[in-house]
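Participant: what follows is a protein structure lacking sequence information:
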């Protein structure tokens, strides 16, 4: 609690003590004894005004000032009218006195307000704690001395020193030193990673054991940490449909209830007659219920809690709207490589054609793939132990979705898939190995095939099963691989459908087909999510209802294009994200139904004269407090 | 120009949405949004009238929450 809240709390406590003391005196007949039965009513009136004024003087002042400025109808004004009205009923001689209720409504209103303020402060703090990945300084060597500077001022390509226990301030590459790095603030992964010379390190992680010299590869504004902070902080600006609905609802709710209150206080006595004081009391009860605060606070708080809780587990959600959409996902489409499979390829078979040796075939392949950074090319380069003289390569050309063509020392090497061979009219022997096959041809003569395998991630199968358990009806895998390979992987994982041998542009078309079929069958209710590694599927990520990028650490394209970023590359995080989204939406709807249900129930009961002010004050602050407590559950994602 | 400011002592969510609504109606404002949870005002307004808009925005905040100040 801050100072303001402590003063507020003490004031309320004092008022509560006084209030109950007076209540006891009233019920034991002490007041009547002291002041005489004729004056007892007025004595009570004065006595109850004391705790009332102590607890609520600020509300009264605010209400008066707002009224003077000509914009009433805020909660202070409504509360002041309702409570003062309850006191004023004493002047109707034929009615029951309601001073105790008037004072109590103000007291509990203040208790509720204080609690709201406390709860909001607390959740703001836990969000800002989560944001504690912000580095405060960077160490730079200047004139032989280590200086601490603002990370903002470190130019690109400078060398910074990160000591053990310090947070890495900027993205970069380790120049020297060995250490363990704690990435938990970014990924939710508790096991530390090792970092050695040549490794890329990400800002926001904590250096655990050794001193590292890091050459920065990005300025602070573009570094992972500042992008993540910006992303999470701005997430709440993209409001979900439910949030917008509540804000619009709140705008109409209060004036309508106030109008109803006035109607109830005035019309029935004029038309049907009866006890004026009784109808006024019913109208005042309406006023107490007329503030929509429970909804206005708890719905955004739930979304914010869900987004915060997800980021604690290494899942960045770019807005409440995406969290809402994720909870309605019915179809999940996966890119295969890098998403369901690890994407680290390794050469598993080398099958040379007659007249070629294994070593020669591998050399040709390495030459052909020398300029490519595709995972398959990298694995061939790794498998080839010798060094490639890149100056011997005269021209190289990537043939999208097929392979590469390289001219070296006057000879043409083709490396690629079946299509590339067919297009060039090269006869080859199809091999039956699981994995991706790269056929090599030298001067249009088939030289052999290299088979590259891609391992399925350990939790892919579990991820698919969990998604099905969470109500995802359809899982689809998109890949550029062979149908046979793709189907083998899909059936081992339990994926429902496979679309294989796709060129990158086919993936967008495939997603559009899925979107169209989904939207036509169920009128926009359920959504299609696409999960990819963000490297070459940015258009697909953007086209899907919910684009999820994996392995977001350090990949700008992924953070940019996706709606949700998984900081590490475990597919099981998709199911976790879905669970968080569903839990959050459950809480949101619980709060909406609970708050509106209680309010409408009390309004109806009050109109019938059954509900009293005690019930009304519960329907206002009691409901707000319970809704806030419920909303704060959204932040807890540890057990999902 | 688009800038964001911290709002000190922003306590009431309903007021925040009313402030947002009113600030958006000011002349010179392209868009304004108030994030109650992070107590941040993001204001996109014309460069020429920015400081003018900001003081009008402060007046609106004070109107709904007397304690609430825009930290510049």
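Facilitator: Noted; the coordinates are in hand. Please read these numbers as outputs of a predicted model, since none were measured by experiment.
Participant: within range of chain A, give me the residues from chain B.
Facilitator: B:9, B:11-15, B:17, B:33, B:35-40, B:42, B:63-64, B:66 (CB under 8 Å from any CB of the partner chain). C-beta: built from backbone N, CA, C; applies to glycine.
Participant: go through these and flag which are in strands.
Facilitator: With strands defined by DSSP state E, the entries of the residues of chain B next to chain A inside them are B:33, B:35, B:40, B:42.
Participant: min pLDDT across those, which one?
Facilitator: When these are compared by pLDDT, residue B:35 scores lowest at 80.
Participant: that one contacts residue A:238, correct?
Facilitator: No: with contact defined as CB atoms under 8 Å, residue B:35 does not count as touching residue A:238 (10.6 Å).
Participant: looking at these two, which one has more neighbours?
Facilitator: residue B:35 (22 against 17; other CB atoms under 10 Å in any protein chain shown).
Participant: any idea how far residue A:637 is from that one?
Facilitator: Here residue B:35 is placed at a distance of 21 Å from residue A:637 (CB to CB, to the nearest Å).
Participant: rewinding a little: got the ones in strands among the residues of chain B next to chain A as JSON lines, with distance to residue B:5 columns?
Facilitator: Below are these laid out as JSON lines (distance: CB to CB, whole Å):
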{"residue": "B:33", "distance to residue B:5": "12"}
{"residue": "B:35", "distance to residue B:5": "11"}
{"residue": "B:40", "distance to residue B:5": "7"}
{"residue": "B:42", "distance to residue B:5": "8"}
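Participant: most widely separated two among these?
Facilitator: Maximum pairwise distance in those, criterion CB to CB, is 8.6 Å, between B:33 and B:40.
Participant: picking that back up, show the buried residues in the ones in strands among the residues of chain B next to chain A.
Facilitator: Buried subset of those (neighbour count, 16 or more other CB atoms under 10 Å in any protein chain shown): B:33, B:35, B:40, B:42.
Participant: which residues are contacting the helix of greatest length in chain B?
Facilitator: The longest helix of chain B (DSSP state H) is helix B:50-64. Applying CB atoms under 8 Å, 6 or more residues apart in numbering or on different chains, the contact partners of helix B:50-64 are A:69, A:71, A:74, B:1, B:3, B:5, B:7, B:10, B:12, B:15, B:18-19, B:22-23, B:26, B:28-29, B:32, B:41, B:43, B:45-46, B:68-70, B:72.
Participant: again, only this time at 6 Å
Facilitator: Outside of helix B:50-64, the residues within contact range by CB atoms under 6 Å, 6 or more residues apart in numbering or on different chains are B:1, B:15, B:18-19, B:22-23, B:26, B:28-29, B:45, B:68, B:70.
Participant: about what we covered before: quick check, nearest of the buried ones among the ones in strands among the residues of chain B next to chain A to residue A:489?
Facilitator: Of these, the one sitting nearest to residue A:489 (CB to CB) turns out to be residue B:35, at 43.2 Å.
Participant: separation between that closest one and residue A:325?
Facilitator: For residue B:35 relative to residue A:325 (CB to CB), the value is 20 Å.
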